[in-house]
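> A structural model of the following input is requested.
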Amino acid sequence: MQMDSAIHDPLSVPDAPACPPCSGPEGGERFRQRRWADQALQVLDRDARRSADTHLLRFEGHCLEGVDIYLKDESTHPTGSLKHRLARSLFLFGICNGQIREGVPLVEASSGSTAVSEAYFARLLGLPFYAVMTRTTSAEKIEDIERQGGLCHFVDDSGQVYAEAAALAERIGGIYVDQFTNAERVTDWRGNNNIAESIFQQMQGEPRNIPAWIVMGAGTGGTSATIGRYLRYRHYATRLCVADTERSVFYDAFMTGDRSLTRCDGSRIEGIGRPRVEPSFVPDVIDHMVRVPDAASIGTMRVLSRRLGRRVGPSTGTGFYALCRLAACMMERGEEGSLVTLLCDRGERYGKTYYDDAWVKAQGFDIAPFEKKVERFLDQGGAL
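Numbers count the residues shown, from 1 in each chain. Sure, this is the predicted structure:
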């Protein structure tokens, strides 16, 4: 009599149960977390529907013939900065991957703006949130994080935030969100209302509706990766310029190709510049980089604030100074075109630091020459 070979086949796999394990400790927990994830995504979706897109402002405070300047105003997000987009993408990514779950504490390494935005979304979902940051973070940003229900955990220098965030997450049984690794992968760079798609949609109908340049700073590198990929995907001739700070390794890594570069000190321009080459920094999608003196970032921030009639942050000054340098080169070559940069966050967060003359002087910054240069350039053109 022939026997059923499947019974004796050591490689055979038993048939799966007819029904999924809806009961029992494993099945019950998995289904409960799936229901929580569905509800969490609905919460984030409702929050997004209540929020409008950010404005694209045409900057009129200059006399540069043949050059149009636009500011993508990311400060109008509910949490006041460009990082609101990143935080939402990180949460969507974490929930859909099954990593962000009901009751699990979240930990992030952040100098401020990302932590403010992540604390906002954690509060929406009822999750504990801890931000690991340097002690030099502005008091205003710390207050913003705590106002959103987040807890601040301090380290002495920026190079410690990564290891301490991972260690803290392990100690409390939480998840290290890790913006610096995940920023470039959590956003759909092909569209889906990312910042690049939003800029080009809002530029439709403008006299020079395809920008010659988009200019921005780099913190994680995630936003520049999204914009650079989108430009290539949509076949735009627009070039991407990333402005770096003095105490940062991004520029040197871009110029040399060496991703192992590190520094012992940290950036003095909050929100951008890093002491190591972050995993989310993708230099191959960047067309040009410039290093902007920190004093120029602060001086330009003040000039732009006066001309807009509202305060902007120092990273906005970094990007705008680089934009002015590109505009000067275009005008010298007789080129015309539009340039776009980001208004990254609200300047009110820096009243006790970058807008405080005594604080600026104590840091050793001489910003007056840069203020004069930028004022003169916006009024008269010429070299910068």
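
> Can you name the next helix or strand after the strand or helix carrying residue 242?
Residue 242 belongs to strand 239-244 when assigned by DSSP states H and E. Next helix or strand after strand 239-244 toward the C-terminus (DSSP H and E): helix 250-256.

> quick revisit: mind giving me the packing neighbours of the strand holding residue 242?
Using 3 or more C-beta pairs under 8 Å, 6 or more residues apart in numbering; DSSP states H and E, the elements in contact with strand 239-244 are strand 213-217, helix 222-233, helix 250-256, strand 288-291, helix 314-332. For the C-beta atoms, the positions are set from N, CA and C on the backbone; glycine is no exception.

> neighbouring strands for it, and are they parallel or not?
When pairing is defined by DSSP bridges, strand 239-244 lines up against strand 213-217 (parallel), strand 288-291 (parallel).

> Residues contacting that strand, please?
Identification of contacts with strand 239-244 by C-beta atoms under 8 Å, 6 or more residues apart in numbering yields 212-218, 224, 227-228, 231, 250-251, 254, 272-273, 285-292, 318-319, 321-323, 326.

> Buried members of those residues into ChimeraX, please.
In ChimeraX syntax, the buried subset of the contacts of strand 239-244 is picked out as below (16 or more other C-beta atoms under 10 Å):
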select :212,213,214,215,216,217,218,224,227,228,231,250,251,254,272,273,285,286,289,290,291,292,318,319,321,322,323,326
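
> mind listing the helices for the stretch 251-384 of the chain?
For the stretch 251-384 of the chain, the helices defined by DSSP state H, counting those that start in this stretch cover 294-308, 314-332, 357-362, 368-380.

> Can you say which of those helices is nearest to residue 205?
helix 314-332 (21.7 Å; C-beta to C-beta).

> what pLDDT, on average, does the closest one get?
For helix 314-332, mean pLDDT is 98.

> Please compute how far it lies from its chain's middle.
Centroid separation between helix 314-332 and its chain, computed with C-alpha atoms, centre = their mean, to the nearest Å, is 20 Å.

> next SSE after the longest helix seen in the chain?
The single longest helix within the chain, with elements called by DSSP state H, is helix 25-50. Per DSSP H and E, helix 25-50 leads on to strand 56-59 as the next helix or strand towards the C-terminus.

> Closest to the centroid, which residue in the protein?
The centroid of the chain falls nearest to residue 83 when counting by C-alpha atoms, centre = their mean (4.5 Å).

> I figured it was touching residue 120, is that so?
No. If you go by C-beta atoms under 8 Å, residue 83 and residue 120 don't touch, sitting 10.0 Å apart.

> can you pull the buried residues of the longest helix of the chain?
Buried residues in helix 25-50, defined by neighbour count with 16+ other C-beta under 10 Å: 33, 36-37, 40, 44.

> Output the below-cut-off pLDDT ranges for the stretch 1-150 of the chain.
For the stretch 1-150 of the chain, residues meeting the criterion pLDDT under 70 lie at 1-27.

> Relative to the whole chain's centre, how far out is stretch 353-364?
The answer for stretch 353-364 is 25 Å, by C-alpha atoms, centre = their mean.

> Let's test this: mean pLDDT of stretch 187-195, rounded?
Averaged over stretch 187-195, pLDDT sits at 89.

> and what of stretch 295-311?
98.

> quick check, distance from it to the centre of its chain.
With C-alpha atoms, centre = their mean as the basis, stretch 295-311 stands 21 Å off its chain's centre.

> Start at 595, not 1
All set: I'll call the first residue 595, so the last point we hit is now stretch 889-905.

> CA-only coordinates of that stretch, as CSV, when you get a sec.
The C-alpha coordinates for stretch 889-905 follow below in CSV (Å, rounded to 0.1, in the frame of the first residue of the first chain):
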residue,chain,number,x,y,z
ALA,A,889,28.0,85.6,11.0
ALA,A,890,26.6,86.0,7.5
SER,A,891,23.7,83.7,8.4
ILE,A,892,22.8,85.8,11.4
GLY,A,893,23.3,89.1,9.6
THR,A,894,21.2,88.0,6.6
MET,A,895,18.5,86.7,9.0
ARG,A,896,18.2,90.2,10.4
VAL,A,897,18.1,91.9,7.0
LEU,A,898,15.4,89.5,5.7
SER,A,899,13.4,90.0,8.9
ARG,A,900,13.4,93.8,8.5
ARG,A,901,12.3,93.5,4.9
LEU,A,902,9.6,91.0,5.6
GLY,A,903,8.3,92.8,8.7
ARG,A,904,8.5,89.6,10.7
ARG,A,905,11.3,87.5,12.3
